[in-house]
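predicted model, plus sequence, below.
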Amino acid sequence: MSMIDVQPAASGMTMTPPPRKRRIPGWAVFTIGTVAVVLVLAMTSYLTGQPALTSSSTMQNTVTLGLPILLCGLGGIWSERSGMINIGLEGMMILGTWGAAFGGYHWGPWMAVVSGMICGALGGALHALATVTFGVNHIVSGVAINLLGAGVTKYLSTLIFQPISDNPRDSPPIEQFDTFSAPGLSDWLGDLEKDQRVIISDVAGLLRGLVTRVSPMLIIAILLVVATYLVLWRTRFGLRLRSCGENPVAAESLGVNVYFHKYMAVIASGALAGIAGAALVLGSSPSIYQEGQTANRGFIGLAAMIFGNWRPGGTLAGAGLFGYADGLRLSATPEAVHALLYSAVIVVGLLVIWQLYRRKWTSAMFAAIGAIAVYALYYFTDELPQEFLPYTPHIITLVVLALAAQRLRPPAADGMPYRRGEGD
Amino acid sequence: MNARLRSSLMAPVLAVVFAAALCAIVLVVSGANPGTALGAMIGQVGEGQVAVDIVNSTAIYMLAALAAAIGFHMNLLNIGIEGQYRVGALVAAIVGGAIVLPGILHWLVILVVAAVAGALWALLPAILKVTRGVHEVISTIMMNAIAFGLAAFLIRRDQFGILVGNNVTTEPIPTSGQVPGIDLGGRGTIFGLVFLAVVAAAVYGVVLNRTRFGFELKASGLSPTAAAAGGVNAKRMIMVSLLASGAVAGLVGMPEILGRDHAYTLNFASGYGFAGIGIALLGRNNPLGIAFGSLLWAFLEKAKGALDNVGVPKEIATIMQGAIVLSVVVAYEIVKRMDLAAEQRRVGRATGAAVEPEAAK
Amino acid sequence: MTEVETEAAASPAVALNGITKRFPGVVANSDVHLTVHAGEVHALCGENGAGKSTLMKILYGMQPPDEGTIEVNGRQVAFRSPSEAIRAGIGMVHQHFMLADNLTVLENVVLGAEGLYGIGKGARRRIQELAGSVGLDLDPDMLVERLGVADRQRVEILKVLFRGAKIIILDEPTAVLVPQEVEDLFTTLRTMRADGYTFLFISHKLDEVRAIADSITVIRRGTTVGTVDPKTVTSRQLAEMMVGSELPSPETRESTVTDEVVLQVEGLVLETGDGRRLLDGLDLVVRSGEVLGIAGVEGNGQTELVETIMGIRKAASGRVSLNGRNLTRAGTLARREAGIGYIPEDRTRHGLLLTEPLWKNRILGYQTRPPTARGAFLDVAGARKDTTRIVEQFDVRTPGIEVAAASLSGGNQQKLVVGRELSGDPKLLIASHPTRGVDVGAQAAIWDHIRNARAAGLAVLLVSADLDELIGLSDSIKVMLRGKFVADADPATVTPEDLGSAMTGAGHVDESGLLVTGGEE
Amino acid sequence: KDSGSSDNPSGGDSNAAGCKTVDKPAAASGETTSSTSGATVDGSALKIGIAFDIGGRGDASFNDSAAAGLDKAISDIGVKKENTKELAATDQESEDSKLTRLRQLATEGRNPIVSVGFAYTDATVKIAGEFPNTQFAVVDGFAENAPKNITWLGFAEQEGSFLVGVIAALKSKSCTIGFVGGVNVPLIQKFQAGFEQGVKTVAPDAKIVSKYITEAGDLTGFADPPKGQVAAKGLIDQGADVVYHAAGASGKGVFAAAKDANVMAIGVDSDQYNQKTVADYKDVIITSMLKRVDVAVFDYISAVATNNLAGLPPVFDLKVDGVGYSTSGGKIDDETKGWVEAYKQQIVEGKIKVETTPSS
Ligand SMILES: Nc1ncnc2c1ncn2[C@@H]1O[C@H](COP(=O)(O)OP(=O)(O)OP(=O)(O)O)[C@@H](O)[C@H]1O
Ligand SMILES: Nc1ncnc2c1ncn2[C@@H]1O[C@H](COP(=O)(O)OP(=O)(O)OP(=O)(O)O)[C@@H](O)[C@H]1O
Ligand SMILES: [Mg+2]
Ligand SMILES: [Mg+2]
């Protein structure tokens, strides 16, 4: 009886997991992405003759409009990474605008930020109380907090601002931050930008937008992005917090106080939304609280967070997208927005090449058809219907998500109810 | 079953007590007498057409909440009701104003158009969810915004808009397309389509509890994995439920448009979608609960005008809405926990999972 | 730590005195006494729901006892949280994995114990030092979701070691392991025991318990029945202590296999998104009256095979037919309607709607046909009536059919699922681990039901990690490794050890593909 | 640190000489008619109800202007304050809230009832039908075939905008002029149309760039100063050195952008030079287009008191000073004023007809 050897045993006892793809670090992805975006925009700007696409003023608008969204998105990260959905960001942001106006009116811009933060954090604390302690559905609580935020601020501003501003819907103007420019650098970049040299001028324009008339708010926001990353991914507190969002029962079994971390996360989330409110107030001229001024930015922040795959760098990119697209369509000519179609052609074209390289013929074909369609749209039209222009960022978001959604990964226990001692 | 009845009554009672206490605190803190405020609000119901307005709004909220509830059963959060009902109303108004058909047929066509338009506005998020895994929350938030763009585009004067004074409206819907209401004279007119909401709630209840579709829907929401093993096609259910949710959402604007405005105008009300989400959750996605939730919401909305009369800032009403939502859900949560413990105790006793210490000896 | 060790010789590592723990309606532990000596492997045996896990959770600080005292190394303690237990040198590997999939191995290990070695380089170094002792060989920065069960088990133990635990609770660590893996684990345990570690070991597998334990405590209905010496006690005696009755055996006696082919699978291929083959051209035939067993280490494609046959996953190529009818393109529901019953491997995830009453669970999978449905409408009365029948016929212990499935114990849940899947005259039953986590009494009942159905002409495809069950029930066995069938075995002659080695690829087959039995050499 | 821009806002950075203008029209002759004559009116018997749009009294804009008309009636013609009642709309309210509000006022016996804002049009038509003996007025409203007891208080915003367009054309150095609209609706398009026509009439070669913050239906465009600022900045980047806004509260951002870039801005509705919330930017506000809602409301109340509704103008236009322009701040020199008055005369005489929809 001859024996046939079956395959030798696997190294492990179970089926070997698929070879691990080298994980590219987040910062590298972010850098590569940024460079790619800048290159595409620069090419578009050059080929379509639309300097506005990469002008310093466009960049500044991106910053102005993107800041509150970014801060809200960061708030979303904190909360959702601990497993708590926070649809109440809008309400917390509204509380933040009121707080910022109140604090700013009495004690100046720095206290505006602080008191906006505190008001937002109070909203967060309420959300935490309802969801963590009472186990209320996260979305209901969020909806309620949005109602409460709007109601409470209306009420308080009638009570407190109206006597000073004669207007129940406005606060009196508060002092703004001084802005800062890097004098030599800004001018030098300005000269480069004016030269209209391919790429160099574009990059100079975008950079100049970042170093000219910088508000401390921008610096605070950038610091908060970095801090969010460091705290959540590089400290034990962050590890524990994230573990609550991935598997709270496991965390509990290792002695992690899940309730505490969830509370902290949601309160921090509210605080960030409050700072977002402060950023909105301080970013307006004159700097005032004004009823209805958040205009759904909280929801957009949430979208930016999902767009950014629940990560700070990605959220920064998402907020940048909204700020950029909104700023461009508000400040540039319709032709400049139209030129974005050209960018889309370039991006889809690159996708075709990538798919061809990976020998995915059908995907490549679909992408190619898409590229041709978008190009045709670009070629045969001069402007997009202006009614849709305000929604450019929304449409771009949908397209990007349609292309990249599979790569998104929410925390495993996001939105799940959790009760101490009930896991098995 | 007695225990069940007791506990199902207990939740709302506890909730009302909770909410009343919270609101009273808010009122007292703001220096008003809660009794006066409540009295004024209840008194308001007897005034003019407020009672009828409440009924009419209840119907609208019910439709919005039913739309949300369909999604919730599958753990889908359709934030897009806001956009879906806007698009549904606009397209239906355009079509309704452009055609003339005999009586009932006319407004039936309009209703179908509204539902189809609402469903179509939910189609893209549904497709993205099923084929690309895009989270419906984000895609519907985007679609809500884009709905404004579409509405602005379609109502342009070179599209379907006509200028009336400073307002822009669609072509008015001819009488054949208008749904007659119940005229109560000085008390107002109850929209005919109030019955649409009632029928929708009834159909929803039957479909959910008595049909295969409803069972599959609930099963997918409760446990997608178990549903899949039980032969439920998850992707199909996502498509169908989002589209159904969108279709019902498309109807939200209809009572007002066919019963009162007879056209889509720039003043078309917004915000029903978000209210619907809150109410669906208040009513625990249950048709009766939704009806009561809608009634409560409509009452607060319509009676809050009376607060001005007694010197209480009207903003309190919004605070009250938030407080009520929160306290109601907290109360439900507490009762649910007590229920669960009671049931487990019952099962434990019945099966004797472990004997009492005395018996062990 | 060192002074504790010297002291340990004198006082027991753990002494539980008079522990009582009540849950609503249930007394999980009543007056439990347990003494564990330092440096021993102390096993804990008992039926499902006997209170073993609860007792261990009390020791680990996850739940406070209602009465009684705990002594660790001679000192009385009262833990309010796991972190206090951890500080006292106690570690616990839970019955269910407690890992966060989307975190790395390193993160999972250091979580909650960041104070010891930080969360960076120091921790990584420490993990690499410890990894060897549990046989773990992987990059600490790997995401846990990429690990197989055995590696996850090792990570769990690593977590405990990392915290410097000297007293380690292992709650059913072997439930998901094959014999070779169990043997590896035991080797690790013995080495560690020699190094002075103390183990509390819980298992339903009595042979294993006797193989590893230095002493065995049996718990019945929440209280300790007694402590015995594994060298003198037999499995049968142990079982009798646990349940007060005889140990059932899964043996099938006379063959009922017919010629009628029920299930035929040809060239079945299943691929992942990136083109890896999870199932690699599988062929199999199950005939009427036959039980075909599939043996394999978890993660080698059994789950995928079953789910592909059920239409839950879409095959890349291949053909599935039932009684000659081609089902390759049919959906799950159509396959069920064609006559396939399905007992999923994880009843709570795939078999039940936990928050729904029992009668609604009866409808799941049968929402299109009598007695639970009429056309597009559900037949509520019919469903209720048939649920009552199942409850009686399959001895589901429940106060009624209106209670939520979640409030039933695991064994009773499983009986409900088995009862449901044997309703409606299936032609084929696909049973994945039909008795996993079920106590001996319920186990025997389930085996009986399967055997009876088989005698009545049912074809059964049985996947199980319990090799005794597999050998006892099957008419023939196929061994699966990395998505392929690598050997056939005759249940009449094969031993669990032979099967185990074939499952890890170490077995030998003759030219007809039959596993050579009687040891490897 | 950036220094605050403090230069005199005399024009953009270009040293362009300004637009090439047409010849100056003949100087205005004679006075325009004033709305109400000096006859004594007694309003003490009136019980007035007023339904404000969102924001209500104190919004420093539209509603406040209407409130000023009421206040004037109280001080000038003896309307008793305790006999007046004010109610205001809330965000996102539905039609029946408006109906209820009006019905409440009517039931209480208020007569006349003034609703502020075109959103009240349909509701007022309905309620006026129910209360045929009560007088109603709707600021900005209009509907065909309405009941006789409704008076439409409409304005010729385009005419006022025309005049500030003339000023813009004369003041601009770069000959590029900007317009920021809050929400793209017909009412705001009237402002844009008149403004563009005014600019083009004076300087046919002038370039006009305009931007709306949001499209019809999305009212946030009236309440988003940051977006107003970005929009205005964009227009300024495109060369505009005079920016006119009809963007409600978002206009604050327009002023801020103008101040930042050191260009000129034109306010709207009321004399924004004197407005508290934008006091920081007053030096860039060269003029404001005035929409005299106060005049209309006051005239209407007086007309009801004297039972002379027929005497009210069909629209409040330049002829009756229902619209106009402000000169606070002294940025309008006599030369410019001469131009403006001349055109005003031509419009009043009907020689120029001002469009209500933008040409583009
Ligand atoms: N959190 C809880 N709440 C209420 N009752 C509980 C809880 N946990 C366990 N029980 C009860 O305690 C009893 C003992 O459960 P335990 O999990 O300790 O059993 P076990 O011996 O570990 O069983 P198995 O072999 O299935 O793991 C169960 O029958 C159950 O009734
Ligand atoms: N979280 C809980 N709270 C209250 N009671 C519970 C809880 N979990 C389980 N029970 C009770 O425990 C009993 C048995 O449940 P459990 O799942 O512990 O049984 P088991 O015999 O350990 O089953 P298995 O080992 O298969 O999981 C049931 O009667 C149920 O009422
Ligand atoms: Mg158990
Ligand atoms: Mg256990």
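Cool, the structure landed. Residues are numbered from 1 along each chain as shown, chains lettered A, B, ... in the order given. Ligands and ions are numbered 1, 2, ... in the order given.

contacts, neighbours, all on C-alpha from now
Fine.

tell me the pLDDT of residue C:75.
In this prediction, residue C:75 carries a pLDDT score of 88.

same thing with residue A:223?
Residue-level pLDDT assigned to residue A:223 equals 94.

how about the host helix or strand of it and chain D, any contact?
Using DSSP states H and E, the element containing residue A:223 is helix A:216-234. No. Figure legend: helix A:216-234 not in contact with chain D (Cα under 8 Å from any Cα of the partner chain); closest approach 10.7 Å.

dihedrals phi and psi, residue C:432?
Reported as degrees, to the nearest 10, the phi and psi values for residue C:432 are phi -100, psi 120.

ok, it touching residue C:463?
Yes. Taking Cα atoms under 8 Å as the contact criterion, residue C:432 and residue C:463 are neighbours in contact, 4.7 Å apart.

neighbour count: the two, which is higher?
The residue with more neighbours, out of residue C:432 and residue C:463, is residue C:463; 28 against 23, by other Cα atoms under 10 Å in any protein chain shown.

number of nearby residues for residue 85?
You didn't pick a chain, so chain A it is. The criterion is other Cα under 10 Å. On that basis, residue A:85 has 26 neighbouring residues.

wrong one, I was asking about chain D
16.

and the helix holding residue A:223, how far out from the chain middle?
Centroid separation between helix A:216-234 and its chain, computed with Cα atoms, centre = their mean, to the nearest Å, is 13 Å.

rounded mean pLDDT for the helix or strand following it, please.
Sequence-wise, the next helix or strand beyond helix A:216-234 is helix A:236-246, with elements assigned using DSSP H and E. Across helix A:236-246, the average pLDDT comes to 92.

who in the stretch 201-350 of chain B is up against chain D?
Looking at chain D, the residues of the stretch 201-350 of chain B close enough under Cα under 8 Å from any Cα are B:266, B:267, B:268, B:269, B:270, B:271, B:302, B:305, B:308.

would you mind giving me the ChimeraX syntax to select the buried ones in these?
Buried members of those can be picked out in ChimeraX with the line below, counting by 16 or more other Cα atoms under 10 Å in any protein chain shown:
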select /B:266,267,268,269,270,302,305,308
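
looking at the residues of the stretch 201-350 of chain B next to chain D, spot the one nearest chain C.
residue B:271 (33.2 Å; Cα to the nearest Cα).

from memory that closest one sits against residue B:83, does it?
No. Assessed by Cα under 8 Å, residue B:271 is found out of contact with residue B:83, at 9.8 Å.

residue ranges of the helices in the stretch 1-150 of chain A, please?
Remark: helices assigned in the stretch 1-150 of chain A by DSSP state H, counting those that start in this stretch are A:26-48, A:56-81, A:89-107, A:109-128, A:138-156.

the fourth one vs helix A:216-234, what angle?
Right, the one you point to is helix A:109-128. When axes from the mean of the first three to the mean of the last three Cα atoms, to 10 degrees is applied, the directions of helix A:109-128 and helix A:216-234 differ by 40 degrees.

ok, which stretches of the stretch 51-200 of chain C are helices?
So, for the stretch 51-200 of chain C - with DSSP H, counting those that start in this stretch - the helices run C:52-59, C:82-87, C:105-110, C:114-117, C:121-131, C:149-162, C:179-194.

could you dump the ones you listed to JSON lines with mean neighbour count, mean pLDDT and distance to residue C:366?
What follows is the helices of the stretch 51-200 of chain C, written out as JSON lines (neighbours: other Cα atoms under 10 Å in any protein chain shown; pLDDT from 0 to 100; distance: least, Cα to Cα, whole Å):
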{"stretch": "helix C:52-59", "mean neighbour count": "24", "mean pLDDT": "88", "distance to residue C:366": "35"}
{"stretch": "helix C:82-87", "mean neighbour count": "21", "mean pLDDT": "86", "distance to residue C:366": "44"}
{"stretch": "helix C:105-110", "mean neighbour count": "27", "mean pLDDT": "89", "distance to residue C:366": "41"}
{"stretch": "helix C:114-117", "mean neighbour count": "16", "mean pLDDT": "78", "distance to residue C:366": "50"}
{"stretch": "helix C:121-131", "mean neighbour count": "16", "mean pLDDT": "83", "distance to residue C:366": "48"}
{"stretch": "helix C:149-162", "mean neighbour count": "23", "mean pLDDT": "83", "distance to residue C:366": "33"}
{"stretch": "helix C:179-194", "mean neighbour count": "17", "mean pLDDT": "83", "distance to residue C:366": "37"}
